[in-house]
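Enquirer: starting from these lines, generate the structure:
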Amino acid sequence: MSLPISLLFFVKKSKIHSSGLNTIFLRITLEGRRCEFSVHRKVHLDRWNARTQTALGNSVEAKEINRYLSEVKNKIYAIQQNLERDNLSYSASDIRNISMGKDKTQKMLLDIFQEHNDKVEILIGKDFAAGTAERYRTCKKHVAGFIKQKYKKNDIPVQDVDHKFITGLEYYLKTTRKCAHNSAIKYITNFKKIIRIAYANNWIDKDPFLHWKAKLKIVEREFLTEGEIQRIIELDFKMERLDQVRDIFIFCCFTGLAYADVKKLNKDDIVLGSDGEEWVKTKRSKTDTRSNIPILPIAETIIEKYKDNELLKEKDLVLPVLSNQKMNAYIKEIATLAGITKNLTFHLARHTFATTVTLTNGVPIESVSKMLGHTNLKTTQHYAKILDMKVSKDMAILRNKFR
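Expert: Down below sits the predicted model:
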């Protein structure tokens, strides 16, 4: 069944030719979107009937104009029927372009997305991390789901993406997909790259993201206190898997390494620094930036514990890291055994390093930022609220002096 289409011939009073005649325009409206263009005919304003959309009178000129307008209308309907017959997606602009002989092969949104994702996959380990490729795959899946739900189609032309599409996608992510605000915004930002590719290649006339602004909410990051860290350290495990997961979690609490970075940590990443102490010097998987971290005594003890592990020697790795899923599952077991009610995840170890281990103990935020491998100090400043605890401790000392 054809989509309902509306055609309106009209003249613009402001568009007066030097001959004193007004240009006739055709407006096509389809699914709430419209476009208009000149049909290359002119008529005197007094000789135009806006109600019937025809030229007045029985003159040869009037009859020729009306005949031509009827041909244009029939041509538009024929174009729509052909598009429907071929089961092609189309917009008012597509019909206009075809009628004017300007039609070109439509670039479909999900096709462009897949081309991009294929290139990212090839460049994993060079320009992109595996996690980045996974996020783009997930983003494409969400966009496809939104198109299916909203338009009842498997794909749409990229030129159909407008501001309404973007806000609709954001709403879909937050409701149907149950994404938190920041997760939804990050997916939209991933999608924005695909639209920028289309814009750069002249597949679309304007950037629909021009008036869309990303607004991330500041998230309160959880971390472990000194007491909670100590409770985990003091746990006596009978199961080797829990013992290993505890060791790696604590190692990350005292180095700030993310899961991907501790998993690939090899012996070449442990180097002797200019201060004569051992350092972890590695590149972050996520951002490809350097992380240079002095190894604190507790982290050194954990490295020493696994140095003779034969399996690790074969793989030239430092620690026996399990899959991220298993690490997170086991760390929750450990939290229960330690009596910790916080939602413990493996990444919380990195937050703990930034707050309890470093900032609270007076390490300057610039140094913490470097060790975490942040590319922007603002990222590290999310942890700066912990400095209030440090200020409180320092002022308590000062308060006692004045008593």
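Enquirer: what about R47, how many residues close to it?
Expert: Number of residues near R47 (other C-beta atoms under 10 Å) recorded here: 17. Just so you know, the C-beta spots here come from the backbone N, C-alpha and C atoms, and that holds for glycine as well.
Enquirer: what about the strands in the stretch 151-300 of the chain?
Expert: Secondary structure of the stretch 151-300 of the chain (DSSP state E, counting those that start in this stretch): strands located at 270-272, 278-283, 290-294.
Enquirer: ok, which of the ones you listed comes nearest G125?
Expert: Among the strands of the stretch 151-300 of the chain, strand 278-283 comes nearest to G125, with 11.4 Å by C-beta to C-beta.
Enquirer: adjacent strands (with direction) for that closest one?
Expert: Using DSSP bridges, the strands paired with strand 278-283 in its sheet are strand 270-272 (antiparallel), strand 290-294 (antiparallel).
Enquirer: give the rounded mean pLDDT of that strand.
Expert: What strand 278-283 shows for mean pLDDT is 86.
Enquirer: cool, stretch 373-385 as well?
Expert: 71.
Enquirer: for burial, what's the neighbour tally of R135?
Expert: 17.
Enquirer: where does pLDDT dip in the stretch 251-400 of the chain?
Expert: 287-288, 384-391, 393 (pLDDT under 70).
Enquirer: one more pass at 80, please.
Expert: 284-289, 373, 375-398, 400 (pLDDT under 80).
Enquirer: before we move on, back to that, of the strands paired with strand 278-283, which is nearest I112?
Expert: strand 290-294 (34.0 Å).
Enquirer: name the residues of the closest one that are buried.
Expert: Buried residues in strand 290-294, defined by neighbour count with 16 or more other C-beta atoms under 10 Å: S291, I293.
Enquirer: reformat the strands paired with strand 278-283 as TSV; add distance to T360.
Expert: Converted to TSV, the strands paired with strand 278-283 look like this (distance: least, C-beta to C-beta, whole Å):
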stretch	distance to T360
strand 270-272	26
strand 290-294	17
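Enquirer: ok, which of those strands comes nearest D46?
Expert: Of the strands paired with strand 278-283, nearest to D46 by C-beta to C-beta is strand 290-294, at 76.5 Å.
Enquirer: returning to what we had before: what's the closest of the strands paired with strand 278-283 to S323?
Expert: Closest among the strands paired with strand 278-283, using C-beta to C-beta: strand 290-294, at 22.2 Å.
Enquirer: contact partners of that closest one?
Expert: Strand 290-294 is contacted from outside by 255-257, 261, 273, 275, 277-284, 370-373, using C-beta atoms under 8 Å, 6 or more residues apart in numbering.
Enquirer: list buried residues within those residues.
Expert: T255, G256, L257, D261, W279, V280, T282, R284, K370, M371, L372, G373.
Enquirer: let me see the contact set for the second one.
Expert: With C-beta under 8 Å, 6+ apart as the criterion, the residues that contact G256 are S291, I293, R350, F353, A354, V357, T358, V368, M371, L372.
Enquirer: can I get these in TSV with secondary structure?
Expert: Below are the contacts of G256 laid out as TSV (DSSP: H, G, I helix; E, B strand; the rest coil):
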residue	secondary structure
S291	strand
I293	strand
R350	helix
F353	helix
A354	helix
V357	helix
T358	helix
V368	helix
M371	helix
L372	helix
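Enquirer: if we can go back for a sec, out of the buried ones among the contacts of strand 290-294, which one sits closest to L109?
Expert: Closest to L109, out of all of these and judged by C-beta to C-beta, is R284, at 32.0 Å.
Enquirer: quick one: that closest one and H374 touch, right?
Expert: No - R284 lies out of contact with H374 (C-beta atoms under 8 Å); the separation is 9.1 Å.
Enquirer: any shared contact partners between those two?
Expert: By C-beta under 8 Å, 6+ apart, no residue touches both R284 and H374.
Enquirer: picking up where we left off before, now the two most distant members of the contacts of G256.
Expert: S291 and V357 (14.8 Å).
Enquirer: just put the strands of the stretch 151-300 of the chain in JSON lines and tack on distance to I397.
Expert: Below are these laid out as JSON lines (distance: least, C-beta to C-beta, whole Å):
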{"stretch": "strand 270-272", "distance to I397": "36"}
{"stretch": "strand 278-283", "distance to I397": "32"}
{"stretch": "strand 290-294", "distance to I397": "26"}
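Enquirer: which one of those lies closest to T23?
Expert: Closest among the strands of the stretch 151-300 of the chain, using C-beta to C-beta: strand 278-283, at 62.2 Å.
Enquirer: got the contact list for that closest one?
Expert: Residues contacting strand 278-283 (C-beta under 8 Å, 6+ apart): 255, 257, 261, 264-265, 269-273, 289-295, 300.
Enquirer: now it - C-alpha only, PDB.
Expert: C-alpha atoms of strand 278-283 as PDB (Å, rounded to 0.1, in the frame of the first residue of the first chain):
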ATOM      1  CA  GLU A 278      60.400  -0.900  39.500                       C
ATOM      2  CA  TRP A 279      57.600   0.700  37.500                       C
ATOM      3  CA  VAL A 280      54.700  -0.500  35.300                       C
ATOM      4  CA  LYS A 281      55.200   1.200  31.900                       C
ATOM      5  CA  THR A 282      52.500   0.200  29.400                       C
ATOM      6  CA  LYS A 283      50.100   1.600  26.800                       C
END
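Enquirer: now for A50: which residues touch it?
Expert: F10, V11.
Enquirer: hmm, A335 is touching K342, no?
Expert: Yes - A335 lies in contact with K342 (C-beta under 8 Å); the separation is 6.9 Å.
Enquirer: have a look at these two and say which one is more surrounded.
Expert: A direct count of neighbours by other C-beta under 10 Å for A335 and K342 places A335 higher, at 21 against 12.
Enquirer: who are the packing partners of the host helix or strand of that one?
Expert: According to DSSP states H and E, A335 maps onto helix 324-337. For helix 324-337, the packing partners by 3 or more C-beta pairs under 8 Å, 6 or more residues apart in numbering; DSSP states H and E come out as helix 240-253.
Enquirer: just want the angle from the helix it packs on to strand 278-283.
Expert: Here the directions of helix 240-253 and strand 278-283 differ by 90 degrees (axes from the mean of the first three to the mean of the last three C-alpha atoms, to 10 degrees).
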